[in-house]
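In: Whatever this is, show me its structure:
(one chain, ligands or ions: 1)
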Amino acid sequence: LRIFNQHFRMVLAQTSHAEKSGDHAFMTAMPDYAIEVEGLTKLYKGANGEKLALDNVSLKIPRGSFFALLGPNGAGKSTFINILAGLVTKTSGTAKIWGYDIETQMRPARCSIGIVPQELNLDAFFSPRQAMELQAGLYGVPKSERRTDEILAALGLSDKADSYSRSLSGGMRRRLLVAKAMVHNPPVLVLDEPTAGVDIELRQQLWAYVKELNKAGVTIVLTTHYLEEAEELCDEIAIINKGNVIAHEDKRSLLRRIDHKTLVLTVKNDLNAVPDVLAPWGAELKAPNQIALNYRPSNTQMAEILNAIQGSGLAITDLSTEEGDLEDIFLMLTRDNDKARAGKAA
Ligand code: ADP
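Out: Purely as a prediction, here's the structure:
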């Protein structure tokens, strides 16, 4: 990590110098957007017909951000990432990585991105060190510039550097994939569902490392099913559904869209049903001694609810509120988008 930090400090220092002296060669090396995609479309054509996996997607991922790309299964996330990785050919549109067009400037574009794939596709008979050296060779990293030992150490794999990869645990393999994705020191790191099947402790280790990389200046793009992870780690979020970007916002502004809260009342005596006066708030029994009231903060006066509670004559022993989270937003947006599409189709 120290090495990464040093490296990025160097690049950043060079860039600020370049900015001052107006050196455009360096300025193009530090674009505003780590990834810039315009009208990206992918139509898979197969024996079973056609599938529009990406439908005119435009997305700009700012340099230095910790970005989450969220979406239900089949939304098009892997297609998006695989196009950037050069594994899938786009049907139309453009994509730039670190300012380089993936088609016309393929080499620098590929060198600017490291991709941690979903599957554990490691060769069982290579040691981590060999796997790293092979990867460095593929990227044309000169021997003198390779940092195999440092990267393995940063990911806690020094002890296993010379063991067969098949002897590594699942978590270690996952970390080796991250290590491999970093051999060419890319300024953009994409992690595709990185913690699926990884236990909590290792997940935290992985995130600690990735957070450090981000602090050092690496742009991180993450796809995940674990919405809490995106909520905790990322600063910007895009939601993709059926090949369309349906939201792209700063995390905080996205979370502000949640207009749903639940007030939970604990009562002294068990109940069979909720009192009628609480019906306007969709009251339901959570437990015999607990009532949940759902309301929209934007159009509800708390005083009305409190008056109704008082009018109900219940003996309240406790009271708490529950806020919505990213999961709610995600469900709301994908549901609205599905409905709108169904409406259009009808
Ligand atoms: P996600 O990663 O969000 O789950 P994918 O990008 O894998 O979504 O898939 C998007 C859509 O494209 C899905 O409907 C999927 O079935 C389809 N798809 C993915 N890969 C192929 C392929 N090689 N051939 C045909 N259809 C594909």
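In: give the contact list for K215.
Out: For K215, the contact set (CB atoms under 8 Å, 6 or more residues apart in numbering) is empty. In short, each C-beta sits where N, CA and C put it, glycine included.
In: do you know how far it is from the ligand?
Out: To the ligand, K215 is 28 Å away according to CB to the nearest ligand atom, to the nearest Å.
In: same deal with D328?
Out: 20 Å.
In: Grab the nearest non-local neighbour of that residue.
Out: I258 (5.6 Å; CB to CB, 6 or more residues apart in numbering).
In: measure that neighbour to P72 for me?
Out: 19 Å (CB to CB, to the nearest Å).
In: And N272, by the same measure?
Out: Applying CB to CB to N272 and P72 gives a distance of 39 Å.
In: who has more neighbours, those two?
Out: Neighbour count, other CB atoms under 10 Å: between N272 and P72, P72 has more, with 15 against 6.
In: SS state for that one?
Out: In three-state terms, and counting by DSSP: H, G, I helix; E, B strand; the rest coil, P72 is coil.
In: what's around the closest residue to it other than its chain neighbours, how many residues?
Out: Leaving aside its chain neighbours, P72 sits nearest to T334 (6.0 Å; criterion: CB to CB, 6+ apart). Around T334 there are 20 other residues, counting by other CB under 10 Å.
In: start the count at 730, not 1, going forward
Out: Let's use 730 as the start, then, which means that last one is T1063.
In: you'd agree T1063 is up against I968?
Out: Yes. Judged on CB atoms under 8 Å, T1063 makes contact with I968 at a distance of 7.1 Å.
In: Now for the two: what residues contact both?
Out: 800, 975.
In: Can you read off the backbone torsions of the nearest residue to L897 once chain neighbours are set aside?
Out: Computed as CB to CB, 6+ apart, the closest residue to L897 that is not its neighbour in sequence is K889, at 5.9 Å. Recorded main-chain torsions at K889 are phi -100, psi 10, according to degrees, to the nearest 10.
In: Can you verify my assumption that K889 contacts P857?
Out: Yes. Counting by CB under 8 Å, P857 is a contact partner of K889 at 5.9 Å.
In: For E922, list the residues it contacts.
Out: Contacts of E922 (CB under 8 Å, 6+ apart): 847, 952-954.
In: What pLDDT is listed against it?
Out: Per-residue pLDDT puts E922 at 83.
In: Repeat that for G885.
Out: G885 carries a pLDDT score of 85 in this model.
In: Assess the claim that it and R904 are in contact.
Out: Yes. Counting by CB under 8 Å, G885 touches R904, with 6.6 Å between them.
In: Common neighbours of these two, please.
Out: Shared contacts of G885 and R904 (CB under 8 Å, 6+ apart): Q934.
In: These two: who's more crowded?
Out: Per other CB under 10 Å, whichever of G885 and R904 has more neighbours is R904, with 26 against 16.
In: Let's verify that one: helix, strand, or coil?
Out: Judged by three-state DSSP, the three-state class of R904 is helix.
In: In space, what's closest to it - neighbours in sequence excluded?
Out: With CB to CB, 6+ apart as the criterion, R904 has its nearest non-adjacent residue at 4.4 Å, and that residue is L884.
In: Can you give me the distance of the one you found to the ligand?
Out: L884 sits 25 Å away from the ligand, going by CB to the nearest ligand atom.
In: And C963, by the same measure?
Out: As judged by CB to the nearest ligand atom, C963 and the ligand stand 17 Å apart.
In: That residue and A797 touch, don't they?
Out: Yes. With contacts counted by CB under 8 Å, C963 reaches A797, the gap being 4.0 Å.
In: which neighbours do the two share?
Out: Taking CB under 8 Å, 6+ apart as the contact rule, C963 and A797 both touch 951, 980.
In: burial measure for the residue nearest to L897, as a count.
Out: 19.
In: check contacts around it.
Out: 856-857, 896-897, 901.
In: Distance check, it against A860.
Out: Taken as CB to CB, the span from K889 to A860 is 11 Å.
In: swap in D988?
Out: Distance of D988 to A860, computed by CB to CB: 49 Å.
In: Tell me which stretches of the stretch 880-1029 of the chain form strands.
Out: With strands called from DSSP state E, counting those that start in this stretch, the stretch 880-1029 of the chain shows them at 917-921, 948-952, 965-970, 973-979, 990-996, 1013-1016, 1019-1024.
In: ok, the third one near the ligand or not?
Out: No. Under the criterion of CB under 6 Å from any ligand atom, the ligand is not reached by strand 965-970; the shortest gap measures 6.9 Å.
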